[in-house]
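Novice: mind looking at a prediction? Sequence and model below.
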Amino acid sequence: MIVRGFALRALLFLPVTAGFAQPKSNAIEARLQRVEDELAIRRVLVDYAAFLDGRDYARYAALFTTDGEWSNATASHKGRAAIRQMLEGTLGKPGAPNRANFHIISNPQVDLDGDRATVTSRYLFVMRAPDGRPQPALAGIYRDELVRQAGQWKIRRRVADDIMPTADEWKKIIAAQAPKP
Amino acid sequence: MMQRLLAIACFLVLIPAVPAAAQRNETVDRAAIHALLVAYGSTLDARDFEGFGRLFGKNGVYAAGGGTEAKGAAAEQMMRKIFSANTLGFREPNFHLFFNEVVTFVGPDRARATSMSLYMVPDEKNRPMAALMARYEDELVRTDDRWTFARRAVRSLIPAPAAPPSPKRP
(Lines give C-alpha, C1' and ligand atoms only; values in the text may rest on other atoms or scores of the structure.)
Protein backbone atom coordinates (compact mmCIF):
# COMPACT_ATOMS: atom_id res chain seq x y z
CA MET A 1 0.00 0.00 0.00
CA ILE A 2 2.83 2.37 0.88
CA VAL A 3 4.54 1.54 -2.38
CA ARG A 4 1.36 2.17 -4.39
CA GLY A 5 0.80 5.45 -2.62
CA PHE A 6 4.32 6.53 -3.47
CA ALA A 7 3.87 5.47 -7.10
CA LEU A 8 0.63 7.45 -7.34
CA ARG A 9 2.26 10.60 -5.99
CA ALA A 10 5.18 10.13 -8.36
CA LEU A 11 2.87 9.77 -11.36
CA LEU A 12 0.76 12.76 -10.39
CA PHE A 13 3.84 14.95 -10.18
CA LEU A 14 5.48 13.53 -13.32
CA PRO A 15 3.86 15.77 -15.94
CA VAL A 16 4.94 18.90 -14.09
CA THR A 17 8.53 17.82 -13.51
CA ALA A 18 8.82 16.34 -17.01
CA GLY A 19 7.87 19.71 -18.46
CA PHE A 20 10.64 21.46 -16.55
CA ALA A 21 13.17 18.77 -17.45
CA GLN A 22 13.10 19.50 -21.22
CA PRO A 23 16.21 21.28 -22.49
CA LYS A 24 15.17 24.67 -23.81
CA SER A 25 16.96 24.47 -27.17
CA ASN A 26 15.25 21.19 -28.01
CA ALA A 27 11.88 22.15 -26.55
CA ILE A 28 9.15 20.80 -28.77
CA GLU A 29 7.43 24.18 -28.74
CA ALA A 30 10.52 25.78 -30.30
CA ARG A 31 10.67 23.08 -32.98
CA LEU A 32 6.98 23.48 -33.70
CA GLN A 33 7.44 27.25 -33.95
CA ARG A 34 10.11 26.75 -36.61
CA VAL A 35 7.77 24.58 -38.66
CA GLU A 36 4.92 27.07 -38.30
CA ASP A 37 7.28 29.82 -39.41
CA GLU A 38 8.35 27.84 -42.46
CA LEU A 39 4.74 27.16 -43.42
CA ALA A 40 3.83 30.84 -42.98
CA ILE A 41 6.78 31.86 -45.16
CA ARG A 42 5.87 29.34 -47.85
CA ARG A 43 2.39 30.88 -47.80
CA VAL A 44 3.95 34.31 -48.47
CA LEU A 45 5.70 32.86 -51.53
CA VAL A 46 2.43 31.47 -52.88
CA ASP A 47 0.45 34.63 -52.03
CA TYR A 48 3.02 36.70 -53.88
CA ALA A 49 2.31 34.80 -57.11
CA ALA A 50 -1.46 34.72 -56.53
CA PHE A 51 -1.73 38.48 -55.91
CA LEU A 52 0.58 39.24 -58.83
CA ASP A 53 -1.29 37.01 -61.28
CA GLY A 54 -4.63 38.22 -59.88
CA ARG A 55 -3.53 41.86 -60.29
CA ASP A 56 -4.29 42.53 -56.60
CA TYR A 57 -1.62 45.18 -56.16
CA ALA A 58 -2.66 46.35 -52.68
CA ARG A 59 -2.30 42.88 -51.14
CA TYR A 60 0.86 42.27 -53.17
CA ALA A 61 2.49 45.45 -51.80
CA ALA A 62 1.33 44.55 -48.26
CA LEU A 63 3.48 41.39 -48.43
CA PHE A 64 6.49 43.72 -48.13
CA THR A 65 7.61 45.71 -45.07
CA THR A 66 6.84 49.43 -45.38
CA ASP A 67 10.45 49.96 -46.44
CA GLY A 68 10.55 46.69 -48.41
CA GLU A 69 12.47 46.51 -51.65
CA TRP A 70 11.87 44.63 -54.91
CA SER A 71 14.73 44.53 -57.36
CA ASN A 72 16.07 42.71 -60.38
CA ALA A 73 19.07 43.22 -62.66
CA THR A 74 17.64 46.36 -64.22
CA ALA A 75 15.64 48.18 -61.53
CA SER A 76 14.95 48.60 -57.82
CA HIS A 77 11.75 49.77 -56.14
CA LYS A 78 11.71 50.63 -52.45
CA GLY A 79 8.60 51.12 -50.30
CA ARG A 80 5.07 49.84 -50.86
CA ALA A 81 3.97 52.84 -52.96
CA ALA A 82 6.94 52.45 -55.32
CA ILE A 83 6.33 48.72 -55.61
CA ARG A 84 2.70 49.28 -56.42
CA GLN A 85 3.62 51.88 -59.02
CA MET A 86 5.99 49.40 -60.63
CA LEU A 87 3.11 46.93 -61.07
CA GLU A 88 0.74 49.53 -62.51
CA GLY A 89 3.44 50.68 -64.91
CA THR A 90 4.23 47.13 -66.03
CA LEU A 91 0.90 45.31 -65.85
CA GLY A 92 -1.76 48.00 -66.06
CA LYS A 93 -4.69 48.78 -63.78
CA PRO A 94 -5.34 46.72 -60.66
CA GLY A 95 -8.06 44.11 -60.73
CA ALA A 96 -7.97 43.62 -64.51
CA PRO A 97 -8.79 40.01 -65.44
CA ASN A 98 -5.69 38.07 -66.38
CA ARG A 99 -5.84 34.88 -68.42
CA ALA A 100 -2.62 35.55 -70.29
CA ASN A 101 0.03 34.35 -67.86
CA PHE A 102 0.80 32.95 -64.41
CA HIS A 103 3.67 32.09 -62.09
CA ILE A 104 4.64 28.63 -60.82
CA ILE A 105 6.61 28.86 -57.59
CA SER A 106 8.66 25.81 -56.60
CA ASN A 107 11.68 24.47 -54.68
CA PRO A 108 11.32 26.68 -51.59
CA GLN A 109 14.36 26.61 -49.27
CA VAL A 110 13.81 28.42 -45.99
CA ASP A 111 16.59 29.20 -43.49
CA LEU A 112 15.28 30.62 -40.24
CA ASP A 113 17.14 32.74 -37.74
CA GLY A 114 14.68 33.85 -35.06
CA ASP A 115 12.61 36.73 -36.47
CA ARG A 116 14.56 36.75 -39.72
CA ALA A 117 14.71 34.34 -42.62
CA THR A 118 16.56 33.97 -45.88
CA VAL A 119 14.65 32.15 -48.56
CA THR A 120 15.23 31.04 -52.13
CA SER A 121 12.61 29.70 -54.52
CA ARG A 122 12.30 29.05 -58.24
CA TYR A 123 9.82 30.85 -60.47
CA LEU A 124 8.55 29.77 -63.84
CA PHE A 125 6.52 32.38 -65.70
CA VAL A 126 4.12 30.73 -68.12
CA MET A 127 2.46 32.68 -70.91
CA ARG A 128 -0.40 31.90 -73.25
CA ALA A 129 1.10 31.01 -76.65
CA PRO A 130 -0.62 32.24 -79.86
CA ASP A 131 -2.28 28.81 -80.23
CA GLY A 132 -3.51 28.93 -76.60
CA ARG A 133 -1.04 26.44 -75.12
CA PRO A 134 0.80 27.30 -71.91
CA GLN A 135 4.33 28.27 -72.90
CA PRO A 136 7.09 28.56 -70.27
CA ALA A 137 8.59 31.96 -70.99
CA LEU A 138 10.90 32.95 -68.16
CA ALA A 139 12.60 31.10 -65.30
CA GLY A 140 14.66 32.36 -62.42
CA ILE A 141 15.34 32.43 -58.71
CA TYR A 142 13.87 34.67 -56.03
CA ARG A 143 16.35 35.49 -53.27
CA ASP A 144 14.49 36.90 -50.27
CA GLU A 145 15.09 38.39 -46.86
CA LEU A 146 12.05 38.20 -44.61
CA VAL A 147 11.37 39.57 -41.14
CA ARG A 148 8.64 38.89 -38.61
CA GLN A 149 6.74 42.07 -37.76
CA ALA A 150 3.76 42.07 -35.38
CA GLY A 151 3.56 38.29 -35.74
CA GLN A 152 3.51 38.31 -39.54
CA TRP A 153 6.29 37.45 -41.96
CA LYS A 154 7.02 40.26 -44.43
CA ILE A 155 9.45 40.57 -47.33
CA ARG A 156 12.17 43.09 -46.54
CA ARG A 157 14.05 42.46 -49.77
CA ARG A 158 13.28 40.37 -52.83
CA VAL A 159 15.76 40.00 -55.69
CA ALA A 160 14.36 38.43 -58.85
CA ASP A 161 17.24 36.82 -60.73
CA ASP A 162 16.15 36.05 -64.29
CA ILE A 163 18.12 33.07 -65.56
CA MET A 164 16.41 31.63 -68.60
CA PRO A 165 16.38 33.89 -70.63
CA THR A 166 18.70 36.42 -69.03
CA ALA A 167 17.42 39.80 -67.86
CA ASP A 168 18.79 41.51 -71.00
CA GLU A 169 17.25 38.91 -73.32
CA TRP A 170 13.91 39.16 -71.51
CA LYS A 171 13.93 42.94 -71.84
CA LYS A 172 14.31 42.60 -75.62
CA ILE A 173 11.52 39.99 -75.82
CA ILE A 174 9.12 42.25 -73.90
CA ALA A 175 10.10 45.26 -76.00
CA ALA A 176 9.41 43.26 -79.19
CA GLN A 177 5.95 42.26 -77.88
CA ALA A 178 4.93 45.81 -76.94
CA PRO A 179 2.25 47.30 -79.21
CA LYS A 180 3.78 49.55 -81.88
CA PRO A 181 2.48 53.14 -82.17
CA MET B 1 -10.02 2.87 -4.97
CA MET B 2 -6.26 3.20 -4.99
CA GLN B 3 -6.05 1.12 -8.17
CA ARG B 4 -8.58 3.37 -9.93
CA LEU B 5 -6.67 6.47 -8.88
CA LEU B 6 -3.47 4.87 -10.12
CA ALA B 7 -5.10 4.09 -13.47
CA ILE B 8 -6.39 7.67 -13.78
CA ALA B 9 -2.94 9.03 -12.96
CA CYS B 10 -1.39 6.83 -15.64
CA PHE B 11 -4.02 8.06 -18.11
CA LEU B 12 -3.27 11.69 -17.25
CA VAL B 13 0.44 11.15 -17.73
CA LEU B 14 0.36 9.17 -20.96
CA ILE B 15 -2.57 10.48 -23.00
CA PRO B 16 -1.66 14.15 -23.23
CA ALA B 17 2.03 13.45 -23.81
CA VAL B 18 2.33 10.68 -26.42
CA PRO B 19 0.00 11.65 -29.27
CA ALA B 20 0.85 15.36 -29.23
CA ALA B 21 4.57 14.69 -29.20
CA ALA B 22 4.21 12.24 -32.06
CA GLN B 23 2.27 14.72 -34.18
CA ARG B 24 4.74 17.49 -33.51
CA ASN B 25 7.74 15.33 -34.37
CA GLU B 26 6.10 14.28 -37.62
CA THR B 27 5.60 17.92 -38.59
CA VAL B 28 9.24 18.75 -37.93
CA ASP B 29 10.33 15.66 -39.87
CA ARG B 30 8.15 16.61 -42.84
CA ALA B 31 9.93 19.96 -43.05
CA ALA B 32 13.34 18.26 -42.86
CA ILE B 33 12.39 15.72 -45.56
CA HIS B 34 11.09 18.48 -47.83
CA ALA B 35 14.45 20.24 -47.44
CA LEU B 36 16.22 16.98 -48.42
CA LEU B 37 14.10 16.55 -51.58
CA VAL B 38 14.76 20.15 -52.64
CA ALA B 39 18.48 19.84 -51.82
CA TYR B 40 18.68 17.00 -54.38
CA GLY B 41 17.87 19.56 -57.08
CA SER B 42 19.74 22.56 -55.68
CA THR B 43 23.00 20.62 -55.32
CA LEU B 44 22.79 19.20 -58.85
CA ASP B 45 21.74 22.55 -60.35
CA ALA B 46 24.74 24.20 -58.64
CA ARG B 47 26.99 21.27 -59.73
CA ASP B 48 27.75 20.70 -56.04
CA PHE B 49 28.36 16.97 -56.48
CA GLU B 50 30.02 16.61 -53.08
CA GLY B 51 26.92 18.05 -51.41
CA PHE B 52 24.80 15.77 -53.59
CA GLY B 53 26.71 12.69 -52.42
CA ARG B 54 26.16 13.62 -48.77
CA LEU B 55 22.39 13.37 -49.27
CA PHE B 56 22.82 9.58 -49.55
CA GLY B 57 24.77 9.13 -46.32
CA LYS B 58 27.15 6.17 -46.19
CA ASN B 59 24.92 3.46 -47.59
CA GLY B 60 22.13 5.18 -49.52
CA VAL B 61 21.50 3.82 -53.01
CA TYR B 62 20.84 6.08 -55.97
CA ALA B 63 19.13 4.24 -58.82
CA ALA B 64 19.29 6.68 -61.71
CA GLY B 65 17.33 4.51 -64.15
CA GLY B 66 18.35 2.15 -66.90
CA GLY B 67 20.04 -0.13 -64.38
CA THR B 68 22.53 2.54 -63.27
CA GLU B 69 23.06 2.46 -59.51
CA ALA B 70 25.53 3.93 -57.04
CA LYS B 71 25.93 3.61 -53.29
CA GLY B 72 26.95 6.28 -50.78
CA ALA B 73 29.85 8.44 -51.92
CA ALA B 74 29.86 6.70 -55.32
CA ALA B 75 26.69 8.66 -56.14
CA GLU B 76 28.83 11.79 -56.25
CA GLN B 77 31.21 10.32 -58.84
CA MET B 78 28.38 8.88 -60.91
CA MET B 79 26.67 12.26 -61.22
CA ARG B 80 29.95 14.01 -62.03
CA LYS B 81 30.34 11.63 -64.99
CA ILE B 82 26.71 11.95 -66.12
CA PHE B 83 26.82 15.76 -66.12
CA SER B 84 30.26 15.84 -67.69
CA ALA B 85 29.20 13.50 -70.50
CA ASN B 86 25.89 15.35 -71.10
CA THR B 87 24.87 12.73 -73.64
CA LEU B 88 21.51 14.42 -74.28
CA GLY B 89 23.24 17.68 -75.16
CA PHE B 90 21.35 19.92 -72.74
CA ARG B 91 22.20 23.60 -72.87
CA GLU B 92 22.97 25.48 -69.67
CA PRO B 93 21.90 26.77 -67.25
CA ASN B 94 19.30 24.14 -66.42
CA PHE B 95 17.37 23.25 -63.30
CA HIS B 96 14.94 20.89 -61.55
CA LEU B 97 11.39 21.95 -60.78
CA PHE B 98 9.70 19.77 -58.14
CA PHE B 99 6.04 19.08 -57.44
CA ASN B 100 3.47 16.53 -56.15
CA GLU B 101 5.47 15.68 -53.02
CA VAL B 102 3.92 12.93 -50.85
CA VAL B 103 5.62 11.73 -47.65
CA THR B 104 4.43 8.81 -45.53
CA PHE B 105 6.08 7.57 -42.34
CA VAL B 106 6.79 3.90 -41.74
CA GLY B 107 8.39 4.35 -38.33
CA PRO B 108 9.99 7.02 -36.16
CA ASP B 109 13.17 7.02 -38.28
CA ARG B 110 11.93 5.77 -41.63
CA ALA B 111 9.72 7.27 -44.31
CA ARG B 112 8.77 6.85 -47.95
CA ALA B 113 8.23 9.64 -50.44
CA THR B 114 7.14 10.10 -54.00
CA SER B 115 7.53 13.30 -55.98
CA MET B 116 7.91 14.48 -59.55
CA SER B 117 10.11 16.87 -61.43
CA LEU B 118 10.53 18.69 -64.68
CA TYR B 119 14.05 19.26 -65.89
CA MET B 120 14.06 22.69 -67.47
CA VAL B 121 16.62 23.64 -70.10
CA PRO B 122 16.95 26.68 -72.39
CA ASP B 123 15.46 26.33 -75.88
CA GLU B 124 17.03 27.89 -78.97
CA LYS B 125 15.74 31.31 -77.87
CA ASN B 126 16.88 30.77 -74.27
CA ARG B 127 13.29 30.30 -73.11
CA PRO B 128 12.71 27.64 -70.45
CA MET B 129 11.67 24.33 -71.97
CA ALA B 130 10.72 21.14 -70.17
CA ALA B 131 13.18 18.52 -71.44
CA LEU B 132 12.51 15.65 -69.02
CA MET B 133 9.79 14.63 -66.62
CA ALA B 134 10.53 12.12 -63.87
CA ARG B 135 9.01 10.46 -60.84
CA TYR B 136 11.05 9.77 -57.70
CA GLU B 137 10.39 6.85 -55.38
CA ASP B 138 12.29 7.27 -52.15
CA GLU B 139 13.06 5.35 -49.01
CA LEU B 140 14.32 7.75 -46.36
CA VAL B 141 16.12 7.14 -43.12
CA ARG B 142 17.11 9.25 -40.14
CA THR B 143 20.69 8.62 -39.01
CA ASP B 144 22.48 10.78 -36.43
CA ASP B 145 19.48 13.16 -36.36
CA ARG B 146 19.70 13.75 -40.13
CA TRP B 147 17.35 12.51 -42.87
CA THR B 148 19.07 10.98 -45.93
CA PHE B 149 18.07 8.85 -48.89
CA ALA B 150 18.25 5.15 -48.07
CA ARG B 151 17.24 4.59 -51.69
CA ARG B 152 16.13 6.96 -54.44
CA ALA B 153 14.82 5.46 -57.67
CA VAL B 154 14.29 7.75 -60.64
CA ARG B 155 11.59 6.69 -63.11
CA SER B 156 11.66 8.52 -66.42
CA LEU B 157 8.16 9.52 -67.56
CA ILE B 158 8.92 11.85 -70.49
CA PRO B 159 10.59 10.81 -72.63
CA ALA B 160 9.25 7.38 -71.80
CA PRO B 161 11.91 4.72 -71.41
CA ALA B 162 12.33 2.48 -74.42
CA ALA B 163 10.01 -0.52 -74.34
CA PRO B 164 11.75 -3.83 -73.75
CA PRO B 165 12.27 -5.81 -76.95
CA SER B 166 9.30 -8.00 -77.75
CA PRO B 167 9.93 -11.71 -77.34
CA LYS B 168 10.80 -13.46 -80.54
CA ARG B 169 8.12 -15.69 -81.96
CA PRO B 170 9.06 -19.25 -82.51
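Specialist: Arrived safely, thanks for sending.

Novice: sec struct for A:L52, please.
Specialist: helix (DSSP: H, G, I helix; E, B strand; the rest coil).

Novice: that one: how many residues sit nearby?
Specialist: Residues lying near A:L52 (other C-beta atoms under 10 Å in any protein chain shown) number 21. Backbone N, C-alpha and C define where each C-beta goes, glycine included.

Novice: nearest spatial neighbour of it, skipping sequence neighbours?
Specialist: Counting by C-beta to C-beta, 6 or more residues apart in numbering or on different chains, the nearest residue to A:L52 once its immediate chain neighbours are dropped is A:Y60, at 5.7 Å.

Novice: so which residues of chain A form helices?
Specialist: All helices of chain A, identified by DSSP state H, fall at A:2-21, A:28-53, A:57-61, A:80-91, A:167-177.

Novice: residue contacts, the closest residue to A:S121 other than its chain neighbours?
Specialist: Here the nearest residue to A:S121 in space, its sequence neighbours aside, is A:P108; by C-beta to C-beta, 6+ apart that works out to 4.6 Å. By C-beta atoms under 8 Å, 6 or more residues apart in numbering or on different chains, the residues touching A:P108 are A:I41, A:R42, A:L45, A:V119, A:T120, A:S121, B:V38.

Novice: which pLDDT value does the model give A:P108?
Specialist: Per-residue pLDDT puts A:P108 at 97.

Novice: please apply the same query to B:A73.
Specialist: Looking at B:A73 specifically, the model assigns a pLDDT of 87.

Novice: partner strands of the biggest strand by length in chain A, with direction?
Specialist: Secondary structure of chain A read by DSSP state E shows that its longest strand is strand A:134-149. With DSSP bridges as the test, strand A:134-149 is paired with strand A:116-128 (antiparallel), strand A:152-164 (antiparallel).

Novice: reformat these as TSV; add mean neighbour count and distance to B:A131.
Specialist: Written out in TSV, the entries for these read as follows (neighbours: other C-beta atoms under 10 Å in any protein chain shown; distance: least, C-beta to C-beta, whole Å):
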stretch	mean neighbour count	distance to B:A131
strand A:116-128	19	13
strand A:152-164	19	12
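
Novice: B:F149: which of those strands is closest?
Specialist: strand A:116-128 (21.1 Å; C-beta to C-beta).

Novice: low-confidence stretches in the chain?
Specialist: As the question left the chain open, I've gone with chain A. Counting by pLDDT under 70, the low-confidence segments of chain A come to A:1-26, A:179-181.

Novice: wrong one, I was asking about chain B
Specialist: Per-residue confidence for chain B (pLDDT under 70) gives these ranges: B:1-24, B:162-170.
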